[in-house]
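Novice: I would like to see how this sequence folds:
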Amino acid sequence: MQKVWKTTKITLTIAILLLTVLVIFNWEKVNRLHSVITLFDKERIVANFSNMAEAFITKPIVKNGDSSEFTYAPQELPETFTYRDNENSVDEFLARRATTALLVIKDNKITFEDYYLGTKNTDKRISWSMAKSFVVMLFGMQVDAGKIDIEKPVGFYLPEMKDSGYENVKVKHVLQMSSGVQWNEDYLDFNSDINKMGRMLAIGGSLDDMSTELKEDSTPGEIFHYVSIDTHVIGMIVRRVSGKSLVDLLQANIWNKLGMDNDAAWITDSQGAAFALGGLNVSTKDYARFGQLMLNNGNWHGEQLVSKNWVSEATTPGADYLKPTATKLGYGYQIWLPTLAIPGEFFFVGVYGQYIYVNQQENIVIVKNSADKDFRDHLDSKQETIQFFRTVVDSFKTLTVSK
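Specialist: This next block holds a predicted model:
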């Protein structure tokens, strides 16, 4: 017995030593994996959403030159708004949705700005899926340059997609989240594709390779099925035809043009490819500057950065099943349309309550950042938030902001 115990102790000691060595030499991966697993913990989520560079591999996008200045014309928010026949306190709504920042710009002037839950105006806030709308504008620039035909199949631009679910899918259908590729987007399912991808970003792997392994689930171009990795495929095409990374393209074509206030960061996989579908980390005012670019149909102070035609296409449903109704949101190219959207009304949205809302008719951009763990509750947070935004628009309709 004593000999068995001695052998067991030696085996355990060796195992512990090996485990210790393994952890030491893979500490960054272990630390990132722990960060991913605890990313949405109630006591950590707010801080995590402003400090994603500590949890993932990132590449910088650098502020260049002077900031484009905003002027201020402060106005009070409405006290209440009506949603599902119930009158709701705006303050209660902002608190319940774990709002961390709210910024309203009308007629190119900041009319409301505040930061919550201990966050600051310089925080680099995770975009989640709002990044998709940045990517589709970079994509549009390549379309404008004649380098992409969206009627061609993905395989025309990406031969490595041979035998994958994407090979014969029109690029247009990928833009519309209608690729027909099999994908589980459930954030609450530990084993979903979206969560497996998050763990892969932490411990290492290739998003490009992951996309080539996906299979067809339904006929492309017939139904809307939100497949986040569709955006990665769009990003792959942009990289292929431009010969540049998404980070470099964003730096040259957006950050160097809009007079951003702060540096930003883009999460990448271990191969250096940008996490196109949700990895931007940007300050609230800089999100607003991008919103202003979209408000002005791709024009920034007289320079057309992306064509008005592309902005129009990207914010227009291209098929009946993508059109908004009284109860259903609509979709363009990686950009959402509210229920019963008026012309020029669209929004970008990221999970846990990230929004850039644009209303061209009323010349308004609203940015809302959040850490809302209850975004999937029975109230339908997207619809509730859009109703709040529309109430803000209505309350400012008669407002004439002085020059």
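
Novice: wait, is Leu102 part of a helix?
Specialist: No: applying DSSP: H, G, I helix; E, B strand; the rest coil, one finds Leu102 to be strand, outside a helix.

Novice: can you count the residues close to it?
Specialist: Close neighbours of Leu102, defined as other CB atoms under 10 Å, add up to 22. For every residue, glycine as well, the C-beta is placed using N, CA and C.

Novice: so it sits right up against Ser370, yeah?
Specialist: No: contact criterion CB atoms under 8 Å: Leu102 and Ser370 do not qualify, at 9.2 Å.

Novice: what residues are up against the closest residue to Lys397 other than its chain neighbours?
Specialist: Of all residues not flanking Lys397 in the chain, Glu362 sits nearest, at 6.2 Å (CB to CB, 6 or more residues apart in numbering). Glu362 makes contacts with 106, 393, 396-397, as judged by CB atoms under 8 Å, 6 or more residues apart in numbering.

Novice: Check Glu362 and give its pLDDT.
Specialist: Model confidence at Glu362, given as pLDDT, is 97.

Novice: separation between it and Tyr72?
Specialist: 19 Å (CB to CB, to the nearest Å).

Novice: And Val136, by the same measure?
Specialist: 31 Å.

Novice: Over to Asp380?
Specialist: Asp380 is 33 Å from Tyr72, by CB to CB.

Novice: who are the neighbours in contact with Val90?
Specialist: Taking CB under 8 Å, 6+ apart as the contact definition, Val90 lies against 77-81, 388.

Novice: mind redoing it with 7 Å?
Specialist: 77-81 (CB atoms under 7 Å, 6 or more residues apart in numbering).

Novice: likewise Val365?
Specialist: With contacts defined as CB under 7 Å, 6+ apart, Val365 is in contact with 105, 288, 291-292, 295, 356, 358.

Novice: Now Ser381: closest residue in space, sequence neighbours ignored.
Specialist: Closest to Ser381 by CB to CB, 6+ apart is Phe375, at 4.4 Å.

Novice: My reading is that that neighbour is in a helix; is that accurate?
Specialist: No: applying three-state DSSP, one finds Phe375 to be coil, outside a helix.

Novice: Give me the pLDDT value at it.
Specialist: Value for Phe375, per-residue pLDDT: 96.

Novice: Just give the number of residues close to it.
Specialist: Neighbours of Phe375 (other CB under 10 Å): 22.

Novice: Please verify my assumption that it contacts Tyr352.
Specialist: Yes: using CB atoms under 7 Å, Phe375 is in contact with Tyr352, at 5.5 Å.

Novice: Span of stretch 245-263 from start to end?
Specialist: 17 Å (CA to CA, to the nearest Å).

Novice: List the buried residues for that stretch?
Specialist: Neighbour-count burial for stretch 245-263 flags 245-247, 249-251, 253-255, 257-263 (criterion: 16 or more other CB atoms under 10 Å).

Novice: same deal with stretch 65-73?
Specialist: 70, 73.

Novice: Pass me the low-pLDDT residue ranges in the stretch 51-200 of the chain, would you?
Specialist: Scanning the stretch 51-200 of the chain for pLDDT under 70 picks out nothing.

Novice: A strand includes Met200, no?
Specialist: No: per three-state DSSP, Met200 lies outside any strand segment and is helix.

Novice: Contacts only, for it.
Specialist: Met200 makes contact with Met210, according to CB under 7 Å, 6+ apart.

Novice: go again using 6 Å as the cut-off
Specialist: Contact partners of Met200, counting by CB atoms under 6 Å, 6 or more residues apart in numbering, are absent.

Novice: again, but for Met141
Specialist: Neighbouring residues of Met141 by CB under 6 Å, 6+ apart: Val306.

Novice: Mind telling me what element Asp189 is part of?
Specialist: Using DSSP states H and E, Asp189 sits within no helix or strand.

Novice: Ramachandran angles for the nearest residue to it once chain neighbours are set aside?
Specialist: Once flanking residues are discounted, Asp189 sits nearest to Asn195: 6.7 Å by CB to CB, 6+ apart. Main-chain dihedrals, Asn195, degrees, to the nearest 10: phi -80, psi -30.
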